[in-house]
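Visitor: Sequence below, structure please.
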Amino acid sequence: EGEIVEQVHAARESSAGIIINPAAYTHTSVAILDALNTFEGPVIEVHISNVHKRESFRHHSYVSFRADAVIAGCGVEGYALAMRRMASLLAD
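Guide: All right, here's what the predicted structure looks like:
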């Protein structure tokens, strides 16, 4: 978790947007949400599986409070979709 927070803070200096798969931290990490809230660019949350078909505790995401888009259940193709959406967000 700490490493992800550090990467988000580093992205403030070098990145226009963030695509993040917070995995199990999705449901538990206020620290990652706080770090993302300091980032000014777009944020896209990606999950390989459809989290809404899984255990009920996985239906809540702290990261979604900050995310400009959420992609779930598309397998690894979700990352390519996230890249396309990020390009669109940055072009606006």
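Visitor: When you work out contacts or count neighbours from here on, use the C-alpha atoms and nothing else.
Guide: Fine.
Visitor: Three-state assignment for the most centrally placed residue in the chain, please.
Guide: Against the mean C-alpha coordinate of the chain, by CA atoms, centre = their mean, the closest residue is Glu45 at 2.7 Å. In three-state terms, and counting by DSSP: H, G, I helix; E, B strand; the rest coil, Glu45 is strand.
Visitor: I'd say it and Ala67 touch.
Guide: Yes: Glu45 lies in contact with Ala67 (CA atoms under 8 Å); the separation is 6.0 Å.
Visitor: In the protein, where is pLDDT below threshold?
Guide: For the chain, residues meeting the criterion pLDDT under 70 lie at 57-59.
Visitor: all strands of it, in order?
Guide: 18-20, 43-47, 69-72 (DSSP state E).
Visitor: how about JSON lines for those strands, with distance to Arg54 added?
Guide: JSON lines is the format used below for the strands of the chain (distance: least, CA to CA, whole Å):
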{"stretch": "strand 18-20", "distance to Arg54": "19"}
{"stretch": "strand 43-47", "distance to Arg54": "12"}
{"stretch": "strand 69-72", "distance to Arg54": "12"}
